[in-house]
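Enquirer: got a sequence here, can you build the structure:
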Amino acid sequence: MINASNQEKFDKLRDKFHCFTFEKFTSTLTPERELEVVFEFNIDEKIQFKPTLKIPFRTFYTEYFNSHNINELNSIIFHIGMVELVSYWKAICPKKVVIKPFELTTTQIEFWKKIYFNGLGEFFYTNGIKTDIHDFVTIESQGITKISKNSFSNNNRALVPVGGGKDSAVTLSFAEKIYQNSIPLILNPRGATLSTIQVAGFQRDEIIEIQRTIDPTLLKLNTDGYLNGHTPFSALLAFTTLLTATLVDIPNVLLSNESSANEATVIGSEVNHQYSKSFEFESDFRNYVHQNLAPDFNYYSFLRPLSELQIAVLFSSLKQYHPIFKSCNAGSKTDIWCCNCPKCLFTFTILSPFIPMPELIQIYGENLFNKESLLHDLEELTGISPVKPFECVGTTEEVNLALWKTIKQYDLSKPLPFLLHYFSETTQFQSINDKLYDSFIQNYDSEHFLTDDAFSALKKEISCILSKN
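Expert: Okay, the predicted model is just below:
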C-alpha cells in the first residue's frame, strides 16, 4: 500500500480510482423465511463489495413479508444501501459516486451529500484530510425507477431500538407509559442487548432482529492500510428502522439520543462523532422521509429534551438494568466494561451522583476514579483538553457538573480518589456552585419532537426521583 501521509494517500487513491458505483441490490426470502438483502457496490469494476442485511421472520410481520409483496419495500431498502455505501466508499474515496438502482433528484442528492460529509467529519479530521462538502464527491444518478411511498395505519405502538446501554433501557422502560405494547429492535444482537430485552420481559422471538454483515473485502482493505475511520452508523439504523416499521405497520420509532449529541467533538468546529444522533440529522431525516418515502412515519428521539445528567437520574431508578447494561465499545464483543476507555469513565462519572459508590463499583468491578491511567481521558471529557474523546459521550459541562456533585457528596473523612482530587483543584470545579447545578438539572432542551404528554411525563419522573434523593 502507498507509504504516505493520509492526505497524500487520499490524493493518490483519488487519482488511481475514479468511480464508486452502487450497481444494484437484491431482496429475497430465504427457505428459512429470512428477508435477505444483498447490496452490490464496486470501484471502477475492479473492487467488488457485497454487504448483506438479514431480518429473521416473526409472526407479527405484515403481508409485506412474503415473496409476492417484498418488491414493494425496495424503495426503502435502496435507501439503506445509500447509507451502507459510504462505509465502502471511504476506503478509497473516489471523486464520483454513481447510483443505478433508483432515480434521485438534485434535492435528494444534496441530502445525501450532507449526510456523507457530516457523517464523515471525524474520518476526515482524524485522517488529516482537507476537503469540503462541495469537492469531496460528486453523486450522479443513473437510475430510471422512481422512489415510491408507503403509508402506515394510525396506531399507538412504537419500535424501540435497543443498544444495551443506559439510554435505550430508559426509553424502553418509560415509553411504555406513552405507547402500549412497544416492540424492541436490535441490530446485530450481543450480550447486553439481549439481556436488556430479557429484563424488560421480552422473549427473543418477540423482538425485531436485524443482522448486518460487512463484506470481508473491506476488512482486508483496512488491514492493507487503505483509508479507514468512523461512518454515520445511526443514519443506517434510521433507514433500517423505517423498513422494519413498515414490516410491522407501526409508524413510531423511538430513538434514545439526548441533547448533548449536538455538541461538536472538536471544540470550535463542526466535527461531531455523534452527527447522525444529532437533532440536525433527526430533523433532516424526518423531512426527507416525509417528502419521499412515508409521510406519516414518526421517527424521533424519546430522550432528546434531556441532558445526560437527567437520563442518569432516570436510569438510577431502574435497578433491574444495573447489573446487565454495557456502554463500552472496547468490551462489547465480550460483554464487559473494559474500565480503561473514555466511554467507561464517562458512564461511571455521569452515574456517580445518583448511584451510591459501592453499587457503582460493583457494576464496573472497580473504582474508575482511582485510575491514574485515565487522567488524559478525564481531561478530554472535562474540556481541559480541546478535543473530546471520539465516543458517544456527554458535553463537557455535564461531566464537570457530575464530578462536582460527586465530590460535594463524598465522605470527607476519606481521601478523594485520584481523579476526583485532580478535578477538585481545577478552575472547572471552582466555577460550579449549587445554583448552577440546580439550574442545569432542571433545564430541558426545547428542540425535540415529543408530544406534550410524553415530555410532561419525562419531566414528572425526573422531578419525582430527585425529590426522593
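
Enquirer: please make it C-alpha for all contacts and neighbour counts, starting now.
Expert: Will do.

Enquirer: and stretch 114-125, how far apart are its ends?
Expert: In stretch 114-125, first residue to last residue: 16 Å (Cα to Cα, to the nearest Å).

Enquirer: which parts of it are buried?
Expert: For stretch 114-125, the buried set under the neighbour-count rule, 16 or more other Cα atoms under 10 Å, comprises 115-124.

Enquirer: who touches it?
Expert: Residues from elsewhere that reach stretch 114-125 (Cα atoms under 8 Å, 6 or more residues apart in numbering): 86, 130-133, 136, 228-232, 270-273, 275-276, 281, 390.

Enquirer: which among those end up buried?
Expert: 86, 228-232, 271-273, 275-276, 281, 390.

Enquirer: among the residues you listed, which two are most distant?
Expert: 228 and 281 (22.6 Å; Cα to Cα).

Enquirer: point out where the stretch 51-200 of the chain drops to low pLDDT.
Expert: Counting by pLDDT under 70, the stretch 51-200 of the chain contains low-confidence residues at 67-68.

Enquirer: that one: helices as residue ranges?
Expert: Taking DSSP state H, counting those that start in this stretch, the helices of the stretch 51-200 of the chain run over residues 74-89, 106-119, 121-126, 166-174, 191-199.

Enquirer: tell me which of those helices sits nearest to residue 308.
Expert: helix 166-174 (8.9 Å).

Enquirer: next, the angle helix 191-199 makes with that closest one.
Expert: 10 degrees (axes from the mean of the first three to the mean of the last three Cα atoms, to 10 degrees).

Enquirer: adding distance to residue 403, write the helices of the stretch 51-200 of the chain out as CSV.
Expert: Listed next are these as CSV, based on distance: least, Cα to Cα, whole Å:
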stretch, distance to residue 403
helix 74-89, 37
helix 106-119, 30
helix 121-126, 27
helix 166-174, 19
helix 191-199, 27
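
Enquirer: buried residues, the strand or helix carrying residue 27. List them.
Expert: Taking DSSP states H and E as the definition, residue 27 sits inside strand 19-29. For strand 19-29, the neighbour count (16+ other Cα under 10 Å) marks 19-25, 27-29 as buried.

Enquirer: let me know the pLDDT of residue 1.
Expert: On pLDDT, residue 1 comes in at 35.

Enquirer: ok, residue 329 - how many residues close by?
Expert: Look at residue 329: counted by other Cα atoms under 10 Å, it has 17 neighbours.

Enquirer: tell me the pLDDT at the residue lying closest to it once chain neighbours are set aside?
Expert: Distance criterion Cα to Cα, 6 or more residues apart in numbering; nearest residue to residue 329, sequence neighbours excluded, is residue 343 at 7.6 Å. On the pLDDT scale, residue 343 is placed at 96.

Enquirer: residues in contact with residue 343?
Expert: 327-329, 391-393.

Enquirer: ok, now with 7 Å
Expert: 327-328, 391, 393 (Cα atoms under 7 Å, 6 or more residues apart in numbering).

Enquirer: one more: residue 60?
Expert: Shown in contact with residue 60 (Cα under 7 Å, 6+ apart): residue 248.

Enquirer: do that again at 10 Å, thanks
Expert: Going by Cα atoms under 10 Å, 6 or more residues apart in numbering, residue 60 touches 205-208, 247-249.

Enquirer: what residues of stretch 43-59 count as buried?
Expert: 43, 48-58.

Enquirer: wait, isn't residue 102 in contact with residue 145?
Expert: Yes - taking Cα atoms under 10 Å as the definition, residue 102 is a contact partner of residue 145 at 4.8 Å.

Enquirer: measure the residue nearest to residue 329 to residue 330 for me?
Expert: Using Cα to Cα, residue 343 is found at 9 Å from residue 330.

Enquirer: what are the boundaries of the strands in the stretch 201-350 of the chain?
Expert: Taking DSSP state E, counting those that start in this stretch to define them, one finds strands in the stretch 201-350 of the chain at 208-213, 252-255, 298-301.

Enquirer: avg pLDDT for stretch 352-359?
Expert: Per-residue scores along stretch 352-359 average to 97.

Enquirer: wait, stretch 374-386
Expert: Stretch 374-386 comes out at a mean pLDDT of 96.

Enquirer: buried ones in it, by neighbour count?
Expert: Those would be 374-375, 377-384, for stretch 374-386 by 16+ other Cα under 10 Å.

Enquirer: and what of stretch 276-288?
Expert: For stretch 276-288, by 16+ other Cα under 10 Å, it's 276-279, 281-282, 285-286, 288.

Enquirer: next: stretch 70-77.
Expert: 70-71, 73-77.

Enquirer: how far does it stretch from start to finish?
Expert: 10 Å.

Enquirer: any idea how far it is from the middle of the chain?
Expert: Between the centre of stretch 70-77 and the centre of its chain there are 24 Å (Cα atoms, centre = their mean, to the nearest Å).

Enquirer: now the residue positioned nearest the centre of the chain, nearest residue through space, not along the chain?
Expert: By Cα atoms, centre = their mean, the mean C-alpha position of the chain lies nearest to residue 234, the distance being 4.2 Å. Leaving aside its chain neighbours, residue 234 sits nearest to residue 276 (5.3 Å; criterion: Cα to Cα, 6+ apart).

Enquirer: okay, the one you found: pLDDT?
Expert: pLDDT, read off for residue 276, is 96.

Enquirer: from residue 34, how far out is it?
Expert: Taking Cα to Cα, one finds residue 276 at 28 Å from residue 34.

Enquirer: quick one: the helices in the stretch 251-400 of the chain?
Expert: 279-292, 308-316, 342-351, 357-364, 375-382, 396-409.

Enquirer: so can I have TSV of the ones you listed showing distance to residue 438?
Expert: Formatted as TSV, those follow (distance: least, Cα to Cα, whole Å):
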stretch	distance to residue 438
helix 279-292	25
helix 308-316	11
helix 342-351	15
helix 357-364	21
helix 375-382	19
helix 396-409	10
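
Enquirer: in contact with residue 81, which residues?
Expert: Contacts of residue 81 (Cα under 10 Å, 6+ apart): 22, 24-25, 37-41, 51-53, 101, 236, 239-240.

Enquirer: brain fart, residue 175
Expert: By Cα under 10 Å, 6+ apart, the contact set of residue 175 is 157-160, 169, 181-182, 254, 302-303, 454, 457-458.

Enquirer: kindly report the same for residue 222.
Expert: 91, 216, 228-229.

Enquirer: same thing but 8 Å
Expert: By Cα under 8 Å, 6+ apart, the neighbours of residue 222 are 91, 228.

Enquirer: got it, and residue 64?
Expert: By Cα under 8 Å, 6+ apart, the contact set of residue 64 is 70, 72-73, 247.

Enquirer: please redo it, this time with the cut-off set to 10 Å
Expert: 70-73, 246-249.

Enquirer: go on, residue 263?
Expert: Neighbours of residue 263 in contact, by Cα under 10 Å, 6+ apart: 269-275, 278, 388, 393-396.

Enquirer: tell me the spacing between it and residue 390.
Expert: In terms of Cα to Cα, residue 263 sits 12 Å off from residue 390.

Enquirer: show me the common contact partners of these two, please.
Expert: 271-274.

Enquirer: from the buried residues of stretch 374-386, which two are the most distant?
Expert: It's 374 and 383 that sit farthest apart of the buried residues of stretch 374-386, by Cα to Cα, at 14.4 Å.
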